[in-house]
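Enquirer: mind looking at a prediction? Sequence and model below.
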Amino acid sequence: MNFHPLHNITVVSIEQAVSAPFASCRLADAGARVIKIEREGTGDFARQYDEVVKGQSTYFVWINRGKESVRINIKSEEGKKLFLNLIAKADVFIQNLAPGALKKLDLNSEKLREINPKLISCDISGYGEEGEFAEMKAYDNLVQAESGLIDVTGDGDVRAKVGISIADISTGMHAYAAILEAIIQRNESGKGIGIKVSMFDSMADWMMVPFLHQKYGGKAPPRSGVHHAAIAPYGPFKTKGGREIMIGIQNEREWKRFCEEVLSGGVDPQDDRFSRNSLRVKNVEVLNRLIQEKFERLDYNEALNRLKSAQIAYSNLNTLEQFAGHPQLRLIEVDSESGRVEMADRPAKFCGFSTGYGKIPELGEHDEKIKKEFRS
């Protein structure tokens, strides 16, 4: 039996790139009917990011499965009429155009909720719709920079962006969660609601630990590369032969076992420099050097056996190639115009139910179907 709790929900989305498509993709995965409105011509510009997946864009393939694609020029009278017919029968409307773009066409979310009082609207922006930043273009790396994320990411004096579109993904996740909350609220009240989600606010929420360090400690956590900035030891160490193992110590019981059973007395757990986490972080360079000296004398399997025996948390520092072949990676096949594509299965399992993904749509694949269905 398939798990489709949103099977009676219709979503209309004027979306592009990542944040809004991410949110609508999750709704589609849960069984909602998602009608993706694309501009005539090239459609969602994310379709042109690359041609890696059998001639298709990696980003588009990832977050547009299970949707219906229709090309509508909402600036034309005919297109505007079709769009409003869609809205009249929709449960959810999502858009991530530039702030004010729909208002110029008298199609802003407030207006649409007057037409359909049960409509849940979700407007996604870079910095919100008010204030001096409202009209700034907001792409993922730019918001990473503006939110201070890049300032705490990297190693030493070298800053780095996060290697995935984390600002977009965060925003899409917040939008998805808010829409689900709004559906629950509507089930009780019978009325729709407007939702506003910005990329900056989404990242601000996730930046609270470094923010609190800055606000109440007077400085940001240091950039620590692949090591943890606030917990020690927590990072990778090379074994004999060069293979790296990432370890993480979360409490003093683990620290004591690690010193005694893994390092075999190489470090005294009661050493004044290392007797509690805050001191270990303060003296992390010395600590990491002492641990590395012990690890480089152990071959990889011996190190793993000691870590397992002492019940110390660890992982391999895998390459993307190793991740792609990981035994725990659950993959599922998805239909597309150029053949079946493998991608990760849904993170959440629903016991007793099966899950699956819908087809990745071709540009305008559902033009005739949608226009016929919503013509009047």
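Expert: Nice, I can see it.
Enquirer: can you show me the strands along the stretch 201-350 of the chain?
Expert: Using DSSP state E, counting those that start in this stretch, the strands found in the stretch 201-350 of the chain span residues 234-238, 244-248, 313-316, 331-334, 341-344.
Enquirer: do the stretch 51-200 of the chain as well
Expert: Counting by DSSP E, counting those that start in this stretch, residue ranges of the strands within the stretch 51-200 of the chain are 67-71, 92-95, 120-125, 154-155, 158-159, 194-198.
Enquirer: now render those as a markdown table, adding distance to Pro236.
Expert: Glycine gets a C-beta too; all of them are placed from N, C-alpha and C. Shown next, in a markdown table, are the strands of the stretch 51-200 of the chain (distance: least, C-beta to C-beta, whole Å):
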| stretch | distance to Pro236 |
| --- | --- |
| strand 67-71 | 40 |
| strand 92-95 | 40 |
| strand 120-125 | 36 |
| strand 154-155 | 12 |
| strand 158-159 | 17 |
| strand 194-198 | 35 |
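Enquirer: let's have those strands in JSON lines, adding distance to Thr355 and mean neighbour count.
Expert: Listed next are the strands of the stretch 51-200 of the chain as JSON lines, based on distance: least, C-beta to C-beta, whole Å; neighbours: other C-beta atoms under 10 Å:
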{"stretch": "strand 67-71", "distance to Thr355": "16", "mean neighbour count": "22"}
{"stretch": "strand 92-95", "distance to Thr355": "20", "mean neighbour count": "26"}
{"stretch": "strand 120-125", "distance to Thr355": "23", "mean neighbour count": "26"}
{"stretch": "strand 154-155", "distance to Thr355": "37", "mean neighbour count": "14"}
{"stretch": "strand 158-159", "distance to Thr355": "39", "mean neighbour count": "12"}
{"stretch": "strand 194-198", "distance to Thr355": "25", "mean neighbour count": "20"}
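Enquirer: quick one: which of those strands is nearest Asn251?
Expert: strand 154-155 (26.2 Å; C-beta to C-beta).
Enquirer: what are the boundaries of the helices in the protein?
Expert: For the chain, applying DSSP state H gives helices covering 19-29, 58-63, 77-88, 109-115, 140-146, 166-189, 199-206, 208-217, 252-257, 277-282, 284-295, 300-309, 320-324, 367-373.
Enquirer: please write out the alpha-carbon positions of the first one in CSV.
Expert: I take that to be helix 19-29. The C-alpha trace of helix 19-29 is given here as CSV (Å, rounded to 0.1, in the frame of the first residue of the first chain):
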residue,chain,number,x,y,z
SER,A,19,13.9,26.4,-2.8
ALA,A,20,10.3,26.3,-4.0
PRO,A,21,10.8,23.2,-6.2
PHE,A,22,12.3,21.5,-3.1
ALA,A,23,9.1,22.3,-1.1
SER,A,24,6.7,21.2,-3.8
CYS,A,25,8.7,18.1,-4.5
ARG,A,26,8.2,16.9,-0.9
LEU,A,27,4.5,17.6,-1.2
ALA,A,28,4.4,15.5,-4.4
ASP,A,29,6.3,12.7,-2.7
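Enquirer: give the other helices and strands that that helix contacts.
Expert: When contacts are defined as 3 or more C-beta pairs under 8 Å, 6 or more residues apart in numbering; DSSP states H and E, helix 19-29 sits against strand 10-14, strand 33-38, helix 58-63, strand 67-71, strand 92-95, strand 120-125, helix 166-189.
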